[in-house]
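In: Sequence plus the predicted model coming up.
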Amino acid sequence: MRHPSTLRAGRWARACAWLGALLLAACAPDVGYDPEAPFEEGALGVWTPGLTVEQAGGCSTSIVAGLSRQLIEELNCLRPNTLVDYSGPRIGNNGAVWPYLQPAARDGLRRAVDARGQAIQIASALRTLPQQFLLYRWYQQGRCGISLAARPGRSRHESGLALDVQDNASWRNTLQNAGWRWLGANDPPHFDYVAGGTVDLAGLSVQAFQRLWNRNHANDGIDEDGAYGPQTERRLLQSPTDGFPIGACAPEPEPVRDARPPDPEPTPGTPNLSVLSRWVTVEGQARDLVTAGSSAGVFDVIEGQRFDATVEVRNGGDGTAQAVIAGFALTDAFLRPVAAVIERADGDGWLPLGAAPLTATGQVALGDLPAGGGARVRWTLEAVRAAPGVYAHLRGWVVSAGAHYGDQLSWDDPVERNPTGQTLRHEGLADVFAVSAWTWPGPTAADPRGWTDCDGGPLAVAPGEGALQVPGGCALSPPWTAIDGDALGALEIELATDAPALRLAWGDESIAVRLGGSGAAESHRPTVGWLGAVGPVQVQADAPLWLYAFAAAPLVAPPAEDAGLPGPGGPDDLDAGLPRRDLGAGPSDLGPGRTRDAVPLSPEAGPDLGGGCRSAAPGDAPAWPLWILALAGVALARRRRA
């Protein structure tokens with residue numbers, strides 16, 4: 001809850017702003033319009049099918065682009081050719097700008113550009129009723145940095161007579177000589193066209209909405225009087241941001257009375273959209289870290305890394321694709337979005353337009369894409385979890401693009417194709433690799449997850465067994481191994497081998513672990529005593545082995561029979577005869593009849609090992625867990641005291 005003093009300060013600030021605006025307005029002839037302050041488009045809200053104006057979020061009016069386009073068409077139905085496209089050489093527009101003015105104002109803009117001979121960048125021009133409504137609501141709510149906004153129906157931007165110019169100081173004299181008036185220091189980017197030849201459109205944007213509403217709601221009509229009141233506002237709040245099912249009327253043709261020869265009608269072209277989901281390579285790292293098994297050819301990242309990914313929509317046709325909306329989905333929890341931005345193609349680079357929603361799935365409005373143009377959503381992602389045998393998916397598709405294609409509201413909807421036969425969707429796959437815990441669950445995990453033999457040679461996953469097959473008895477964890485030895489002082493390991501002992505080696509350290517030597521799968525949890533950051537680990541035996549799980553784990557005091565023994569010199573030293581390399585070739589598998597009934601260990605939580613080594617060989621008697629023996633000892637002690 002906001003503090004009362006903060007609320008009072010906010011009210012005083014708004015009151016002072018209105019008072020200053022009214023004093024300025026007293027000297028201005030435009031009594032039909034409200035004063036305004038500069039507005040810069042911010043982050044685009046999350047757009048979903050069926051979103052209404054009332055539900056629109058973010059700080060960008062482009063979220064109501066579909067409804068705005070219908071209203072512009074409806075305005076020209078009410079007064080044909082009253083609003084015209086001012087686009088031309090050396091006239092650029094920011095991302096959410098509707099490039100429409102009244103004809104006389106358009107001519108004044110073109111005269112200024114021709115006189116100066118330089119490019120001008122327009123930050124705002126025509127504004128529709130839902131756009132003005134959002135600005136006024138955000139102003140009332142103290143959002144989006146808006147210090148003053150006109151009421152809906154009372155902005156000169158709604159009449160096609162106002163421009164906000166990005167580099168206003170350098171253009172001020174040129175625009176004033178071409179019939180434009182600078183509003184002043186209270187709204188520096190704003191210019192009004194005052195040279196005549198225009199019509200008063202105050203309220204016409206409201207009437208256009210009222211007509212459009214009635215055309216789609218025969219049983220809920222409102223007066224088409226151009227007055228903005230509670231009834232009109234209630235319907236506006238209910239209106240779909242992407243437009244009504246029934247659009248604007250067909251404008252009646254009228255002769256164009258223009259001070260300059262009319263522009264030739266452009267030949268309509270055909271847009272040709274394509275979609276690409278793409279991972280951006282981590283700097284200094286190969287795109288494909290593991291080129292063996294099922295991960296071959298797939299983009300690879302490591303747990304904890306941050307990198308970029310994009311869903312890009314391009315228009316390779318010769319016509320503009322209107323009101324393009326893109327869908328996206330990160331389908332798995334292996335990657336987490338930490339930043340997102342919408343960008344538009346700008347020559348050889350990309351121009352940021354605003355922030356995109358930080359959600360794993362959603363839709364965003366990219367606006368109109370001219371021939372040869374493009375737009376994209378770019379994320380910064382963090383790899384948070386590895387999952388062997390399962391890829392992370394980044395999916396992108398075109399939800400809609402005006403009337404050019406059918407709507408594809410989700411990835412699983414019927415697929416649309418562009419004129420060259422390409423589907424309007426694309427999927428990128430990524431593999432996330434672990435740094436301190438590995439399993440090979442099979443049969444989908446057909447790659448060794450970065451493990452090699454101790455000489456760097458390839459290893460394979462045993463088909464259908466979920467085990468890393470090590471015929472030479474010596475395996476090496478990936479080069480990106482990063483174990484926090486201070487927090488993870490133990491190891492959960494499950495393997496099968498005929499060897500009586502196992503040796504673990506890292507850096508200049510090593511430790512030995514007794515094994516059953518039965519060839520059956522066994523679970524062990526030795527205390528390894530590593531400290532600090534631990535890199536690649538060697539797992540060595542004097543016989544072939546199958547490795548099912550290998551995971552650094554929090555330290556738990558182990559029983560003596562499974563504890564890692566100190567290095568050479570002790571009476572029970574098991575290092576003798578276990579060289580760190582060149583253990584000799586063994587059979588390619590462990591032979592028939594090998595059993596594996598032990599519960600697999602996972603990086604999150606291993607099975608209850610009863611505090612000791614557990615063998616899964618058939619016929620083994622179950623080991624008594626230590627906590628049961630401890631309870632029995634306590635009970636016996638109490639009985640003796642009694």
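Out: Yep, it's here. Residues are numbered from 1 along each chain as shown.

In: Which residue comes closest to Pro419 once chain neighbours are left out?
Out: Among residues not flanking Pro419 along the chain, Asn272 sits closest, at 5.2 Å (Cβ to Cβ, 6 or more residues apart in numbering). Bear in mind the C-beta positions are built from the backbone N, C-alpha and C, glycine included.

In: Do I have it right that that neighbour meets Thr420?
Out: Yes: A contact is recorded between Asn272 and Thr420 when judged using Cβ atoms under 8 Å, the distance being 6.3 Å.

In: which of those two has more neighbours?
Out: Just comparing Asn272 and Thr420: by other Cβ atoms under 10 Å the higher neighbour count belongs to Asn272, 18 against 9.

In: For that one, which residues are in contact?
Out: For Asn272, the contact set (Cβ atoms under 8 Å, 6 or more residues apart in numbering) comprises Asn315, Gly316, Gly317, Asn418, Pro419, Thr420.

In: What about those residues, which one has the most neighbours?
Out: Most neighbours among the contacts of Asn272, by other Cβ under 10 Å: Asn315, with 26 neighbours.

In: Make sure that residue is actually in contact with Leu273.
Out: Yes: applying Cβ under 8 Å, one finds Asn315 in contact with Leu273, separated by 5.7 Å.

In: Common neighbours of the two, please.
Out: For the pair Asn315 and Leu273, residues contacting each of them under the criterion Cβ under 8 Å, 6+ apart are Ala321, Leu369.

In: Give me the domain ranges for this protein.
Out: Here the domain assignment for the chain is 1-30, 31-238, 273-433, 448-618, based on automatic domain parsing.

In: roughly how far is the longest one from the heart of the chain?
Out: This points to domain 31-238. Between the mean C-alpha point of domain 31-238 and the mean C-alpha point of its chain there is a distance of 30 Å (Cα atoms, centre = their mean, to the nearest Å).

In: what's the average pLDDT for it?
Out: Rounded to a whole number, the mean pLDDT of domain 31-238 is 86.

In: in the stretch 51-200 of the chain, which spans are strands?
Out: Under the criterion DSSP state E, counting those that start in this stretch, the stretch 51-200 of the chain contains strands at 84-85, 91-93, 100-101, 120-124, 162-165, 180-182, 190-193.

In: Next, format the ones you listed as TSV and append distance to Val113 and mean neighbour count.
Out: As requested, the strands of the stretch 51-200 of the chain are exported to TSV (distance: least, Cβ to Cβ, whole Å; neighbours: other Cβ atoms under 10 Å):
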stretch	distance to Val113	mean neighbour count
strand 84-85	15	18
strand 91-93	6	15
strand 100-101	13	24
strand 120-124	6	20
strand 162-165	11	25
strand 180-182	12	20
strand 190-193	13	24
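
In: Name the residues of stretch 226-244 that are buried.
Out: Judged by neighbour count (16 or more other Cβ atoms under 10 Å), stretch 226-244 contains these buried residues: Gly226, Tyr228, Thr232, Glu233, Arg235, Leu236, Ser239, Pro240, Thr241, Asp242, Gly243, Phe244.

In: Kindly check the end-to-end length of that stretch for me.
Out: 19 Å (Cα to Cα, to the nearest Å).

In: what's the spacing between it and its chain's center?
Out: Mean C-alpha position of stretch 226-244 versus that of the full chain (Cα atoms, centre = their mean) differs by 31 Å.

In: ok, residues contacting it?
Out: Contacts to stretch 226-244, defined as Cβ under 8 Å, 6+ apart, come from residues 47, 49-56, 63-67, 69-70, 129-130, 133, 151-154, 203-204, 206-207, 209-210, 212-213, 215-217, 220, 222-223, 323, 325, 400.

In: mind listing what Leu204 touches?
Out: Listed by Cβ under 8 Å, 6+ apart, the contact set of Leu204 reads Leu75, Leu78, Arg79, Glu158, Ser159, Gly226.

In: The first one: neighbouring residues, count only.
Out: Right, the one you point to is Leu75. Close neighbours of Leu75, defined as other Cβ under 10 Å, add up to 28.

In: Grab the nearest non-local neighbour of it.
Out: Leaving aside its chain neighbours, Leu75 sits nearest to Ala208 (4.8 Å; criterion: Cβ to Cβ, 6+ apart).

In: Report pLDDT for Ala13.
Out: For Ala13, pLDDT reads 45.

In: meant to ask about Pro4, not that
Out: As summarised for this prediction, Pro4 has a pLDDT of 39.

In: just checking, what's the longest strand in the chain?
Out: Longest strand of the chain, by residue count under DSSP state E: strand 335-346.

In: Can you list the buried residues in that one?
Out: With burial defined by 16+ other Cβ under 10 Å, the residues of strand 335-346 counted as buried are Leu335, Arg336, Pro337, Ala340, Val341, Ile342, Glu343, Arg344, Ala345.

In: cool, and stretch 398-416?
Out: Residues of stretch 398-416 classed as buried by neighbour count (16+ other Cβ under 10 Å): Val398, Val399, Ser400, Ala401, Gly402, His404, Tyr405, Gln408, Trp411, Glu416.

In: Out of those residues, name the ones that lie in strands.
Out: Per DSSP E, the subset of the buried residues of stretch 398-416 in strands is Val398, Val399, Ser400, Ala401.

In: which two from those residues end up farthest apart in space?
Out: When those are compared pair by pair using Cβ to Cβ, the farthest-apart members prove to be Val399 and Ala401, with a separation of 8.3 Å.

In: shared neighbours of those two, which are they?
Out: Taking Cβ under 8 Å, 6+ apart as the contact criterion, the common neighbours of Val399 and Ala401 are Ile325.

In: Quickly note the distance from the residue nearest to Val398 when sequence neighbours are not counted to Ala520.
Out: Using Cβ to Cβ, 6+ apart and skipping the chain neighbours, the partner closest in space to Val398 is Leu424 (4.1 Å). For Leu424, the distance to Ala520 equals 54 Å [Cβ to Cβ, to the nearest Å].

In: Please apply the same query to Ala56.
Out: Here the criterion is Cβ to Cβ. By it, Ala56 lies 63 Å from Ala520.

In: repeat for Ile246
Out: Taking Cβ to Cβ as the measure, Ile246 falls 73 Å from Ala520.

In: With Pro230 instead?
Out: Counting by Cβ to Cβ, the gap from Pro230 to Ala520 is 79 Å.

In: quick one, helices of the stretch 301-450 of the chain?
Out: The residue ranges that make up helices in the stretch 301-450 of the chain, judged by DSSP state H, counting those that start in this stretch, are empty, as it has none.

In: my bad, the stretch 51-200 of the chain
Out: Defined through DSSP H, counting those that start in this stretch, the helices belonging to the stretch 51-200 of the chain, from first to last, are 65-78, 103-116, 129-140, 168-177.

In: Export those to CSV and append columns for distance to Glu303.
Out: Listed next are those as CSV, based on distance: least, Cβ to Cβ, whole Å:
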stretch, distance to Glu303
helix 65-78, 39
helix 103-116, 54
helix 129-140, 40
helix 168-177, 50
